[in-house]
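1. how would this look folded up:
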Amino acid sequence: MQLRRLAAHILLASATALSASAFAFDGWKLESATAIPGKNSAWDYVSLDAANNHLFIGRRGNGLQVFDIASGKVIKVIGNTASDSANGALLIPAFDLGLSYNENGTLTPFKLSTLEAQADLKLGEELDSAHYDPATQRVVVNMAAGADGTELIVLQIPSLQKVGTIKVSAKKPEHAEADGKGNFYLASRDENAVYRLDTKELKVTAKWPTPGCAQTNGLAIDSARDRIFVGCRGSATVKPSFQVLNGQTGAVIYTAEIGGGNDDVVYDPDLRRIFLANGVNAVLNVFEQVDADTYKPVEALGTQAGVRTMAMHPKTKKIYAVTAEGSADYAKKITTSVSPYYANTFFADKFFVLTYSK
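-> Numbering: from 1, shown residues only. Just a heads-up that it's a prediction; the model follows:
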């Protein structure tokens, strides 16, 4: 009897230890902060070409900058993207192709291998971002909204020929990602919703509300388990949150509070971690995916104000983000929809590439 009780205690202790280790604190930390010279510190998206160790930074008035993560230096500005005002870059390694998406309504194609730019492709007067669907080898471009919604322009790769448009009622379409199986998911910030699109048939196949999620913004997917991960900025009455949706039905599976100002979500299937960058409260929330329907907060890493977009290296698992030292000058216009103290003035040579690791 005593032996059986001892064995039971050992099994219970082992199970408890395993459970605790499954939800253990990861311990992400700032590894380095590298300053990049320049006067204009407006920026948006970052993307990583891991094969060539290049981080692409959409630094608007400074252009699409190529930061070499091995040397810690900017080695090139792509084409005319400084005058075009680059928001970021879409990378398609299978075609050795990068696309700088620019605020002036152009795309700048370039080769990932040589970084040489081709002639700009004019799509409209203003655009925000671009996304790739490998299932159809098509690019979806978020254009500026009209009075009744937004026309998403769809281009065929590698020709970059326009094959059509997809109309959505959203006036603030945001992050999007394809599952590689024919579905393309798009966050709608102003409608508090997620669209499911068919980029082959050029149509909306579903539009799901995100109850309890105000300003649906960041988005990533787990295509293997049909799960959508959404970052919600929150509002005056709704707290910022992380939501998990069923990719087939749109049902909300999980919700948890996060920091304010979410602008990016990254999912790593190897680590089974979801990362949410929140620039207003300067926090990186990390969640563990236990299984398709079970999630648990692991940690909330304090970052810096403005750390809102990021990219993860698929092998080293290092996270790269950018920010700048700035201030809210109340004599100038402040984007109060984001924060009453959202920075609108930045200091020369105080723009940084931040590297986070475990």
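
2. Any chance you could list what contacts stretch 50-58?
-> 36, 43-49, 64-70, 75, 78, 86-89, 91, 93, 98, 100-101, 112-113, 115, 311, 313-315, 320, 322, 353 (Cβ atoms under 8 Å, 6 or more residues apart in numbering). Any C-beta I mention is one placed from the backbone N, CA and C, and that applies to glycine too.

3. Residue 206 and residue 215, how far apart?
-> Between residue 206 and residue 215 the distance is 20 Å, computed by Cβ to Cβ, to the nearest Å.

4. who has more neighbours, the two?
-> residue 215 (24 against 16; other Cβ atoms under 10 Å).

5. Nearest to the spatial middle of the protein, which residue is it?
-> residue 264 (3.4 Å; Cα atoms, centre = their mean).

6. Go ahead and name everything in contact with stretch 199-207.
-> Applying Cβ under 8 Å, 6+ apart, the set of residues contacting stretch 199-207 from outside is 133, 135-136, 138, 140, 154, 163-166, 168, 178, 182-184, 188, 193-198, 250.

7. is it true that residue 48 touches residue 312?
-> Yes: Residue 48 is within contact range of residue 312, at 7.4 Å (criterion: Cβ atoms under 8 Å).

8. Find the residues that touch each one of those two.
-> Common neighbours of residue 48 and residue 312 (Cβ under 8 Å, 6+ apart) are residue 320.

9. related to what we said a few turns ago, now, the contacts of stretch 199-207 that are in strands?
-> Here DSSP state E is the test, and those give 133, 138, 140, 154, 163-166, 168, 178, 184, 188, 193-198 as lying in strands.

10. Longest strand in the protein, please.
-> strand 345-357.

11. now for that one, which elements pack on it?
-> strand 29-36, strand 319-327 (3 or more Cβ pairs under 8 Å, 6 or more residues apart in numbering; DSSP states H and E).

12. element containing residue 290?
-> Using DSSP states H and E, residue 290 sits in strand 283-291.

13. now residue 193: how far from residue 251?
-> Residue 193 is 14 Å from residue 251, by Cβ to Cβ.

14. Tell me which of the two has more neighbours.
-> Each of residue 193 and residue 251 has its neighbours counted (other Cβ under 10 Å); residue 193 has more, 21 against 10.
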